[in-house]
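1. Need a 3D model of the sequence below.
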Amino acid sequence: MRTRTLTQIKQDIAPIDVIGGARCDECPIRYRAVCAHCNADELSYLESIKFYRSFEPGQAIVWAGDRMDFVASVVTGVANLTQTLEDGRTQMVGLLLPSDFLGRPGRERAAYTAVATSRVVLCCFRRKPFDDMMREMPQLSHRLLEMTLDELDAAREWMLLLGRKTAREKIASFITIIARREAALLKRLPGGRMQIELPLTREAMADYLGLTLETVSRQISALKRDGLIQLQGKRGVLLPDFARLVDESGDDADGGWIS
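-> Numbering: from 1, shown residues only. Sure thing, here's the model as predicted:
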């Protein structure tokens, strides 16, 4: 059954925008992506049918409403997800960070516009072949369910952040979220002294957090003045004491809301 399916999948895939052939077991998102639970044989199977696409900063990955012929995992880089209202107003509704999944099995059209904010590399699969793989590999379905539930939890936490937190807490929360994700990719626990790279400009952070640019700049300066962060270049941030920043965010050490 697998040999037949693999042959069909190979016939469906065209070598579009191939930018590399990294082995799955050497991939930087190996243990957090949709393929995290796959064994060696299954990874070999995936390697034979995947392809890569790259996008430069500001380049659209997909437009809301467009037909998506692929699904993908973000290998490197960051993209933002936006939705445009009928009157032309645009709201950022989420971020795609390394290991996040783009696209939905069974859904042909994109729900949101995805735009690269830094150089993005995607590990892609054609939609129909991926659906076939999910039937062949239950681990993929299980992992995708896990990731979907994590995304739902994150969306609920973000609703709380936007609705209840102060501007200072919003900025601190955003920085701690990025720090936790970077630590997870390195298979480390966040804590102590950490250095991160912010994925968004201050203008984009303002849009994402529901703040003005002036407020974002003022709160970042306040966090710096209070010794909670140190700025390094345009987007580099050094966290002298991660726990102190968590306290400022209104979250507990595990990322949950302090009631």
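2. so after the helix or strand harbouring Thr215, what's the next helix or strand?
-> For Thr215, the host element (DSSP states H and E) is helix 213-225. Counting by DSSP H and E, the next helix or strand C-terminal to helix 213-225 is strand 230-232.
3. got a list of contacts for the following helix or strand past that following strand?
-> Under the assignment DSSP H and E, the closest C-terminal helix or strand after strand 230-232 is strand 236-239. For strand 236-239, contacts defined as CB atoms under 8 Å, 6 or more residues apart in numbering pick out 175, 179, 193-198, 228-232, 245. C-betas here are computed from N, CA, C, even on glycine.
4. Report the rounded mean pLDDT for strand 236-239.
-> Across strand 236-239, the average pLDDT comes to 94.
5. That strand: how far from the chain's middle?
-> 20 Å (CA atoms, centre = their mean, to the nearest Å).
6. quick check: angle from the very next helix or strand once past that strand to helix 213-225?
-> For strand 236-239, the following helix or strand on the C-terminal side (DSSP H and E) is helix 242-249. Interaxial angle of helix 242-249 relative to helix 213-225 (axes from the mean of the first three to the mean of the last three CA atoms, to 10 degrees): 140 degrees.
7. sorry, back to before: closest to His142 out of the contacts of strand 236-239?
-> Closest approach between these and His142, by CB to CB: Ala179, at 28.0 Å.
8. Run through who's touching the helix or strand where the closest one lies.
-> Using DSSP H and E, Ala179 maps to helix 167-185. With CB under 8 Å, 6+ apart as the test, helix 167-185 has contacts from 28-29, 32, 97-99, 161-162, 165, 189-190, 194, 196-199, 205, 208-211, 215-216, 219-220, 222-223, 228-229, 237, 239, 242, 245-246, 248-251, 255.
9. of the residues you listed, buried ones?
-> 29, 32, 97-99, 161, 165, 190, 194, 196, 198-199, 205, 208-209, 211, 215-216, 219-220, 223, 228-229, 237, 239, 242, 245-246, 248-251, 255 (16 or more other CB atoms under 10 Å).
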